[in-house]
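Student: need a 3D model of the sequence below.
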Amino acid sequence: RPTAWSSATDKFCAAVGEEPAIRRVLFQSAGNWECKQADRYPDINREWSVHDPGQAWNAITVGAITHKDSIRTPGHEHFPTIARRGALSPMSSTSCGWNPIWPIKPDIVFEGGNQYHSNNQLWKHADLELLTTNAKFRERLLATADGTSSASVLAARIGAAIQRQYPTAWPETIRALVVHSAEWTDGMKHGRSLSSKSAVADLLRHYGHGEPDVSCALRTARSAVSLVIQDEFRPFKKDGTIKTNEMRFHELPWPKDALEAIGTATVSMRVTLSYFIEPNPGPRLTNDNYRYGSCHLRFEVTRPLEKPEDFRARINAADREPAYKSPGGGDSNRWEIGSDFRHRGSLHQDTWVGPAAELASKPCLAIYPVNGW
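Tutor: Numbers count the residues shown, from 1 in each chain. Have a look, this model is predicted:
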């Protein structure tokens, strides 16, 4: 639940009460867990919560994974590492124990180092940590570091690279591009059946949306294209009471003929919605996330073969005829996360996977508001 610290973090990102209001991207570490017993990994990481203020909605909270799975130092090569390549770092924390209505944290993960085990004890080694500059540089220029603090530095680096390449990008956009480029590694998915939405939700509570790729975040990758929309609108109005006011419909510029030509080939579409809320901290927010955020947004995409006017009527009550009936159905099975879980916090992402011809029939994306404080 929100605290004074996490609420101040949200205000800092959104520049609440500042003049001039200069919004910011903030990367913060999820917090570490010093596991000592090898047989408790990774179960203990499920129990160890992301640290305050890692629950802040507007900041990017960074957890740790590791690709370091071997020791090269002579005499230590035979010691086995505890975490497999691409899996959760033994120092990382998760949000598995949180109330499911609260944001998905960590948002992303980066390299945070590994440990080796001997006689059921976990030990650190420089080969399993990250190289960095030494604070006591007069004694030694370089040192090693590990954990979620190291991971958050790597995450901030990719944010800075995006800001340098796209200087007009909003902080919300930079946050979106970082997370949009993230993927779950084979090490993260190892042994997991992702056939159910609950299994995907559990994966998200461990790793967020995965490990970002700086090349994908900075430019179009091979066989992929990104459409970036920076927009603003006034979601509410006061007319005696507070009522919804505006929403946005965006036409997706699909190469429809090309998609229909490849027919049943499997393609994917990822949607990332990033916005900042103005926080409303208070003692009665344990089970009601709507009272915390000033404005909550959602996204929805046209269903297969759904006409534009039917889509608008489904999203917007003002576009409905008096005898309107909900069409029901949908294609929720095509979305990896699903609408029941993706709309947590103020950063929403999901990936649609299905036949190319079916994607060609989904020409419109809607962004609309729901209740806030």
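Student: what's near enough to touch D69?
Tutor: Residues in contact with D69 (Cβ atoms under 8 Å, 6 or more residues apart in numbering) are 81, 83-85, 114. For every residue, glycine as well, the C-beta is placed using N, CA and C.
Student: any idea how far it lies from N32?
Tutor: Note on D69: its distance to N32, by Cβ to Cβ, to the nearest Å, is 20 Å.
Student: cool, and D43?
Tutor: The spacing between D43 and N32, counted by Cβ to Cβ, is 17 Å.
Student: now do the strands in the stretch 201-350 of the chain.
Tutor: For the stretch 201-350 of the chain, applying DSSP state E, counting those that start in this stretch gives strands covering 236-239, 241-244, 248-251, 266-274, 296-301, 347-355.
Student: now distance to W335, mean neighbour count and mean pLDDT too, for those strands, in JSON lines please.
Tutor: Formatted as JSON lines, those follow (distance: least, Cβ to Cβ, whole Å; neighbours: other Cβ atoms under 10 Å; pLDDT from 0 to 100):
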{"stretch": "strand 236-239", "distance to W335": "27", "mean neighbour count": "10", "mean pLDDT": "86"}
{"stretch": "strand 241-244", "distance to W335": "24", "mean neighbour count": "10", "mean pLDDT": "84"}
{"stretch": "strand 248-251", "distance to W335": "18", "mean neighbour count": "14", "mean pLDDT": "92"}
{"stretch": "strand 266-274", "distance to W335": "9", "mean neighbour count": "17", "mean pLDDT": "95"}
{"stretch": "strand 296-301", "distance to W335": "9", "mean neighbour count": "19", "mean pLDDT": "93"}
{"stretch": "strand 347-355", "distance to W335": "5", "mean neighbour count": "20", "mean pLDDT": "95"}
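Student: ok, which of the ones you listed comes nearest S326?
Tutor: strand 296-301 (13.3 Å; Cβ to Cβ).
Student: quick one on the thing from earlier: neighbour count for D43 and N32, which is higher?
Tutor: N32 (21 against 9; other Cβ atoms under 10 Å).
Student: could I get the phi/psi values of the most centrally placed residue in the chain?
Tutor: When Cα atoms, centre = their mean is applied to the chain, the residue found nearest the centroid is D107 (3.8 Å). Main-chain torsions, D107, degrees, to the nearest 10: phi -80, psi -40.
Student: helices of the stretch 101-250 of the chain, residue ranges please.
Tutor: For the stretch 101-250 of the chain, the helices defined by DSSP state H, counting those that start in this stretch cover 147-165, 171-180, 186-189, 197-207, 214-218.
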